[in-house]
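Enquirer: Generate coordinates for the sequence data below:
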Amino acid sequence: MINLAERFLDAGISRRAFLQYCAQLAALMALPPSAGRAFAEALITAPRPSVIWLSFQECTGCTEAITRSHSPTIENLIFSHISLDYHHTLQAAAGDSAEIARSEAMQRQRGKYLIVVDGAVPLKDGGIYSTIAGVSNYDLLRETAKDAAAIIAVGSCAAFGGLPKANPNPTGAVAISDLIQDKPVINLPGCPPIPVVMTGVLAHYLAFGTSPALDRLSRPKAFYGETLHDRCYRRPFYDQGKFAKSFDDLAARQGWCLFELGCKGPVTSNSCATIKWNDSTSFPISSGHGCLGCSEPNFWDAGGFYRALSLPADPLENTTASAITGTIAGISVAVANRLVQNTAILEHQPVIVTDLEKSGG
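Expert: As a prediction, the model looks like this:
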């Protein structure tokens with residue numbers, strides 16, 4: 001089997017460039033400088049592991065996200081680091097050929113291959129609501145996971161059940177960790193997850209053969225160890241009691257905090273504010289939209305996407321009717337927030353009236 005050192009040489013990658021890449025990867029994952037050399041030594045000698053990507057109840061958003069990874073890119077990951085042997089969207093094979101490729105990968109690297117799963121698994125009525133090649137998602141997961149080394153659940157649907165599991169959960173959808181108890185499961189929630197988070201965790205497992213340090217929800221601490229609020233560039237305005245009062249008002253465009261418009265950054269653990277998307281170009285808050293809390297469990301049923309955390313809970317929030325009319329109700333709450341803005345600020349925060357607000361911002 002060709003190892004990664006030979007792959008690097010074939011690709012024309014110099015030793016200097018390779019060591020720089022390993023150092024950057026270690027820094028990205030909040031590891032000490034010595035980890036860069038450990039990455040290099042492990043990656044040089046490691047064989048290309050087989051990765052089987054299973055897509056269940058999902059929207060393909062996680063695949064769309066990982067194709068936009070920039071460090072490493074998905075092309076570099078596939079052709080230089082791993083052998084992606086099964087992926088519904090990216091593979092050339094179809095039908096029987098695709099299933100044969102999966103079976104051969106499982107036999108070839110028994111006990112060593114990795115599984116990446118996006119999407120929840122329906123269990124109601126025997127799992128008939130999502131099947132692949134006539135096999136239910138549950139049966140396919142159980143068969144494929146039997147001899148796997150570890151499972152990476154990407155996206156909130158795989159990690160926590162996500163939208164498919166949301167009330168009233170008509171298909172009986174569950175998270176991957178609800179079904180797999182005898183294998184390591186690494187959760188990378190987000191709707192979708194950050195691309196570099198997915199490729200970074202794959203590279204870490206490839207180098208060290210283990211998952212990175214995880215939090216209580218089995219999320220890598222390097223990426224989910226702090227809230228968005230901790231690192232948000234709008235945080236200084238929060239501390240000063242300066243809040244946007246409506247989407248795209250003058251205050252919002254000046255970068256004031258979006259907390260009163262329902263931003264869930266203070267209760268959402270993720271690294272969106274530092275790593276961002278599209279080669280670190282932007283993330284939702286930079287685009288003027290508050291965080292929806294999509295990397296936390298049950299974020300859809302938590303509701304109140306446009307209701308400030310400091311406002312009283314909506315008693316209808318967790319009902320089916322609320323889920324259906326959430327967007328309309330959310331807009332109404334945003335308007336109401338503007339009328340009762342003084343009650344939307346936490347008690348310890350002063351109400352600050354500025355020249356910007358006096359001018360209608």
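Enquirer: mind listing the helices for the stretch 51-200 of the chain?
Expert: Assigned by DSSP state H, counting those that start in this stretch, the stretch 51-200 of the chain shows helices spanning 61-66, 74-76, 96-108, 137-145, 156-160, 162-165, 195-208.
Enquirer: Can you report phi and psi for the nearest residue to F56 once chain neighbours are set aside?
Expert: Among residues not flanking F56 along the chain, G119 sits closest, at 3.3 Å (CB to CB, 6 or more residues apart in numbering). The C-beta positions use only the backbone N, C-alpha and C, and glycine is treated the same way. Per-residue torsions, G119: phi 110, psi 150 (degrees, to the nearest 10).
Enquirer: Hmm, G119 is touching C157, no?
Expert: Yes. Between G119 and C157 there is a contact at 5.0 Å, judged by CB atoms under 8 Å.
Enquirer: thinking again about what came up before, okay, the residue nearest to F56 and Q254: tell me how far apart.
Expert: Distance, G119 to Q254, using CB to CB, to the nearest Å: 40 Å.
Enquirer: Have a look at the two and say which one is more surrounded.
Expert: Under the neighbour definition other CB atoms under 10 Å, G119 and Q254 were set side by side, and G119 has more, 24 against 13.
Enquirer: can you pull the contacts of the more buried one?
Expert: Going by CB atoms under 8 Å, 6 or more residues apart in numbering, G119 touches L54, S55, F56, Q57, E58, S130, N137, G155, C157, A158, P164.
Enquirer: Specify which member of those residues is nearest to S69.
Expert: G155 (14.3 Å; CB to CB).
Enquirer: Return the residues in contact with that closest one.
Expert: Applying CB under 8 Å, 6+ apart, we find G155 in contact with E58, G61, C62, D118, G119, G162, L188, P189, G190, C191, P192, P193.
Enquirer: Now do the second one: how many residues are near it, please.
Expert: One way to gauge burial is a neighbour count; for G61, by other CB under 10 Å, it gives 16.
Enquirer: per-residue confidence for S80?
Expert: pLDDT, S80: 66.
Enquirer: no no, E357
Expert: What the model reports as pLDDT for E357 is 43.
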